[in-house]
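Enquirer: Give me a model of this one.
(one chain, ligands or ions: 1)
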Amino acid sequence: MNLVAGSSDFERGQYEALKSAYRLFGHGDLMKFWLFEEHRCIYKWAHYFPIYEKWFEAYRGKEIVFVEVGVQNGGSIQMWHDYFGKDAKIVGIDIIPVCKQFEDPEQNIFVEIGSQDDPNFWAAFKEKYPRVDILLDDGGHQFNQQILTFREMFPHIKDGGLYMCEDCHTSYAYSMRCGTCEPIILNGGVGVKGTFIEFTKNLIDEINAFHTNGTLPPNYNTLNMGGIHFYDSVVVVEKKKIPFKPFDLPVGDFAKVNAEA
Ligand SMILES: C[S@@+](CC[C@H](N)C(=O)[O-])C[C@H]1O[C@@H](n2cnc3c(N)ncnc32)[C@H](O)[C@@H]1O
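Expert: All right, here's what the predicted structure looks like:
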């Protein structure tokens, strides 16, 4: 059991934070796994758990391919395996070669080493994994990485699948720390061009392209996004073919609202 108060101030603080997380968000199996099961370290924001549950529930027990960018200590790929079940292929991606140790083909868990910055990596990845149902980006968190990963992988997601990017708050950050490394300067902020959040705001125009009177011709995203959902630090895009131009029709009896009495 992970939820134990330690002896240092830090550990006691962490224990209190986890108790609050459980009170607020602890109604699903993922949170229960995170807090109470034995596993390698899983580094997540607590408020992501209800978002995961809402979107991933429908895929449980199915033969899906779930990809997570960002393996780190290998705990989250254990959690996804536990949650989705033995028929789901879980594929973790990380730039750090030692993460390969967490691969466990007998459990249907695979780890690929490479950089999400690198289009050649993605080309080889897509060849090796021709089917991906869900991609969760929890990798380097720099917005250029998040954008490149979306551009490379959204078209590769199976119709009916999901694309989720977390830690999108880096779009607002001046800098970011990753573990013990020196801070990475991001120069993000509200409305700053080039951030992942600004990129996703453009997706809102793209999903509405049919209504822009030609200003924005419908593109691949217009024809393949079923919905875009924004949460604190998380963006979810549903992959869904839009088979024809949207239309509206009056159906049913007309109430004579405009007729003279
Ligand atoms: C936040 S951690 C992942 C945490 C893990 N998913 C969990 O829930 O415990 C981010 C990981 O992304 C990896 N990473 C950083 N830059 C990357 C890149 N360019 N390509 C792939 N992985 C990267 C880091 O090595 C690190 O292990």
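
Enquirer: OK, contacts around the most centrally placed residue in the chain?
Expert: Most central in the chain under CA atoms, centre = their mean is Met164, positioned 2.1 Å from the mean C-alpha point. Contacts for Met164 were tallied using CB atoms under 8 Å, 6 or more residues apart in numbering; they are Ile51, Trp55, Ile134, Leu135, Leu136, Asp137, Val234, Val235, Val236, Val237. Just so you know, the C-beta spots here come from the backbone N, C-alpha and C atoms, and that holds for glycine as well.

Enquirer: which of these sit farthest apart?
Expert: Using CB to CB, the pair of the contacts of Met164 lying farthest apart is Ile51 and Leu135, separated by 14.9 Å.

Enquirer: Neighbour count for the two, which is higher?
Expert: Using other CB atoms under 10 Å as the criterion, Ile51 and Leu135 rank with Leu135 on top: 26 against 19.

Enquirer: Skip the chain neighbours and tell me the closest residue to the more buried one.
Expert: Spatial nearest neighbour of Leu135, excluding adjacent residues (CB to CB, 6 or more residues apart in numbering): Val67 at 4.7 Å.

Enquirer: beta partners for the one you found?
Expert: Val91, Leu135 (DSSP bridges).

Enquirer: Spell out the secondary structure type for the residue nearest to the centre of the chain.
Expert: Of the three states, Met164 takes strand according to DSSP: H, G, I helix; E, B strand; the rest coil.

Enquirer: Kindly provide the distance from it to Gly70.
Expert: To Gly70, Met164 is 12 Å away according to CB to CB, to the nearest Å.

Enquirer: next one: the helix or strand of the chain with the lowest mean pLDDT to chain centre, how far?
Expert: The helix or strand of the chain with the poorest confidence is helix 9-25; it has a mean of 85 (mean pLDDT, DSSP states H and E). In terms of CA atoms, centre = their mean, to the nearest Å, the centre of helix 9-25 is set 24 Å apart from its chain centre.

Enquirer: Same question for it: list its buried residues.
Expert: Leu18, Ala21, Tyr22, Phe25 (16 or more other CB atoms under 10 Å).

Enquirer: Can you list the low-confidence ranges for the protein?
Expert: 1-5, 179-180, 258-261 (pLDDT under 70).

Enquirer: Spell out which parts of it neighbour the ligand.
Expert: 42-44, 68-73, 75-76, 93-96, 115-117, 138-140, 145 (CB under 6 Å from any ligand atom).

Enquirer: In strands, which of the residues you listed fall?
Expert: In strands, defined here by DSSP state E, the members of the residues of the chain next to the ligand are Glu68, Val69, Ile93, Asp94.
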